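Participant: Prediction below, plus the sequence it came from.
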Amino acid sequence: LVALMELQSSRFRTRVNASGEPVLLMDQNRAAWDRLLIGRGLAALERARKLGRSLGPYALRDEPALKDYYLLPSVRGDLLVKLDRLAEAGGEFERAAVMTKNASERALLLKRAAACEQDGR
């Protein structure tokens, strides 16, 4: 959990643009990510690995607590796009859009789903 929090926090300044709209991970300015937080997050992962325990519920897709977590299908959609599996990616983006409570994020996810449908034809 500490690693996840540190790594997510490292991108805080780059997650939205000046208008408050979400910025996709692939479009974020990585030079603006907080290197100290990244180092601390990676160190926390290494400590957990050395303990020989599992990474816990934050590394497992079937974890019940992640059932309604919209970012999971969103990231799956990104990965499926990279694999050129556009129909599946579009479905993941649509699933994420239904799950989010944020209107800006919903609009972005639906736009990505539509792009997958258009590019997949």
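Facilitator: All right, it came through fine. Worth saying up front: this structure is predicted, and the values here are computed from it rather than measured.
Participant: ok now stretch 86-95, how far from the chain's centre?
Facilitator: Using Cα atoms, centre = their mean, to the nearest Å, the mean C-alpha position of stretch 86-95 is found 14 Å from that of the whole chain.
Participant: and it, which residues are buried?
Facilitator: Within stretch 86-95, the residues scored as buried using 16 or more other Cβ atoms under 10 Å are 86, 88-95. C-beta: built from backbone N, CA, C; applies to glycine.
Participant: and the helix or strand where residue 117 lies, what other elements does it pack with?
Facilitator: Assessed by DSSP states H and E, residue 117 sits inside helix 103-119. Judged by 3 or more Cβ pairs under 8 Å, 6 or more residues apart in numbering; DSSP states H and E, the packing partners of helix 103-119 are helix 71-82, helix 86-99.
Participant: Same list as before, the ones you listed that is, but in a markdown table and with mean pLDDT and distance to residue 27 included.
Facilitator: As requested, the helices and strands packed on helix 103-119 are arranged in a markdown table below (pLDDT from 0 to 100; distance: least, Cβ to Cβ, whole Å):
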| stretch | mean pLDDT | distance to residue 27 |
| --- | --- | --- |
| helix 71-82 | 91 | 11 |
| helix 86-99 | 96 | 15 |
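Participant: which one of those lies closest to residue 55?
Facilitator: Closest to residue 55 of the helices and strands packed on helix 103-119, according to Cβ to Cβ: helix 71-82, at 15.1 Å.
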